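Peer 1: how would this look folded up:
(one chain, ligands or ions: 1)
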Amino acid sequence: MSKTNSFPASVLIYGIRLANLSMDDVLSAIDAALVSKTRCRITFVNADCVNIAAKNNDYKKDLDQMDWVFIDGIGMKIAGIILNQPVRSNVNGTDLFPLLCKNLAKQGGSLYLLGAKPGVADAVAKWAIDQFPGIVIAGSQHGYFAKGEAESVVAKIHDSHADVLLVAMGAPQQEAWINRYMQSTGSVIAIGVGGLFDYYSGNIPRAPYWMRKSGLEWLFRLIQEPKRLGGRYLIGNWTFLARIIYSKLFSGAFKG
Ligand code: UDP
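Peer 2: Numbers count the residues shown, from 1 in each chain. Sure, this is the predicted structure:
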């Protein structure tokens, strides 16, 4: 995995250790893990996740157990500037997904899609097969099964022999799920991908490219779902900023 000269390989933001890689580095790292069959737990952290981690110690511990936590969103970039922890790029699951599918289609790796409302993961599977002929979708399962059904879901994933498992159940559930069950699923890579399936199933439109490029994806999402995301963004963004400034002033408390 290549490292750049001007960016540290990882940064520490609000006590969370984050891999500071480019998208190309991330894809190479995933490829290498698949080839060597090195089990890897991956997730992404954005400003909202930092707010959750500040209040939920179990989630913070789940993040600490991940092999890689990637940096998602403009908020994290701003935090990096404030904390003098230069963030290299916005590596979010939604941008990673098609690139990952392309690589898997080329290499014959298989994918299991777990999460979102009934029918959504199936629609994503169809999208992936249409876009990347040759990709093997090992299976899919919605994310609203009862607690008691977890073992049978794990057994289904295990029997599918999927190489890569995407868990789209939102933070903090998906990280807890990965840490608890990944080993038993037998997958080589497990990735927590939040609301990604809703985009690729066509359920929720994704922000146009110019908005994503200018760090305004959160605004687009807010306009799409004001009721659900109003608190997260309108209050959450300021809470996040306050937390980052606090952690700069009292850095001793945030050594991770
Ligand atoms: N979800 C799920 N099971 C649950 C709760 C949520 O599968 O018990 C799904 C939900 O349908 C959505 C995703 O998890 O597709 C979370 O989306 P959100 O926008 O909250 O995640 P973000 O991308 O912001 O992390």
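Peer 1: what's the end-to-end length of stretch 135-144?
Peer 2: End-to-end distance of stretch 135-144 (Cα to Cα, to the nearest Å): 26 Å.
Peer 1: which parts of stretch 179-188 are buried?
Peer 2: Buried positions in stretch 179-188, judged by neighbour count with 16 or more other Cβ atoms under 10 Å: Asn179, Tyr181, Met182, Thr185, Gly186, Ser187, Val188. All C-beta spots, glycine's among them, are computed from the backbone N, C-alpha and C.
Peer 1: separation between the fourth one and Ala47?
Peer 2: Thr185 sits at a distance of 30 Å from Ala47 (criterion: Cβ to Cβ, to the nearest Å).
Peer 1: any idea which element Val167 lies in?
Peer 2: Assigned by DSSP states H and E, Val167 belongs to strand 164-168.
Peer 1: scratch that, Leu111 is what I was asking about
Peer 2: Leu111 belongs to strand 110-115, assigned by DSSP H and E.
Peer 1: just to revisit the earlier point, now the buried residues of stretch 179-188 in JSON lines, with secondary structure, pLDDT and distance to the ligand?
Peer 2: Listed next are these as JSON lines, based on DSSP: H, G, I helix; E, B strand; the rest coil; pLDDT from 0 to 100; distance: Cβ to the nearest ligand atom, whole Å:
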{"residue": "Asn179", "secondary structure": "helix", "pLDDT": "98", "distance to the ligand": "16"}
{"residue": "Tyr181", "secondary structure": "helix", "pLDDT": "98", "distance to the ligand": "14"}
{"residue": "Met182", "secondary structure": "helix", "pLDDT": "97", "distance to the ligand": "16"}
{"residue": "Thr185", "secondary structure": "helix", "pLDDT": "98", "distance to the ligand": "16"}
{"residue": "Gly186", "secondary structure": "coil", "pLDDT": "98", "distance to the ligand": "21"}
{"residue": "Ser187", "secondary structure": "coil", "pLDDT": "98", "distance to the ligand": "17"}
{"residue": "Val188", "secondary structure": "coil", "pLDDT": "98", "distance to the ligand": "22"}
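Peer 1: Ala121 is in contact with Gln141, correct?
Peer 2: Yes - if you go by Cβ atoms under 8 Å, Gln141 and Ala121 touch, sitting 6.5 Å apart.
Peer 1: between the two, who's got more neighbours?
Peer 2: Higher neighbour count among Gln141 and Ala121: Ala121, with 25 against 20, using other Cβ atoms under 10 Å.
Peer 1: sorry, back to before: the strand holding Leu111 and the ligand in contact?
Peer 2: Yes - counting by Cβ under 6 Å from any ligand atom, the ligand has neighbours in strand 110-115: Gly115.
Peer 1: and the residue nearest to Met211 when sequence neighbours are not counted, what does it touch?
Peer 2: The shortest distance from Met211 to any non-neighbouring residue, by Cβ to Cβ, 6 or more residues apart in numbering, is to Phe220 (5.1 Å). Listed by Cβ atoms under 8 Å, 6 or more residues apart in numbering, the contact set of Phe220 reads Arg206, Ala207, Pro208, Met211.
Peer 1: which bits of the protein sit near the ligand?
Peer 2: Listed as neighbours of the ligand in the chain under the rule Cβ under 6 Å from any ligand atom: 115-117, 143-144, 168-171, 173, 194-195, 197-198.
Peer 1: taking the residues you listed one by one, which sit in helices?
Peer 2: Counting by DSSP state H, the part of the residues of the chain next to the ligand found in helices is Gln173, Phe197, Asp198.
Peer 1: from those, pick the one nearest Tyr59.
Peer 2: Comparing these against Tyr59 with Cβ to Cβ places Gln173 closest, at 9.3 Å.
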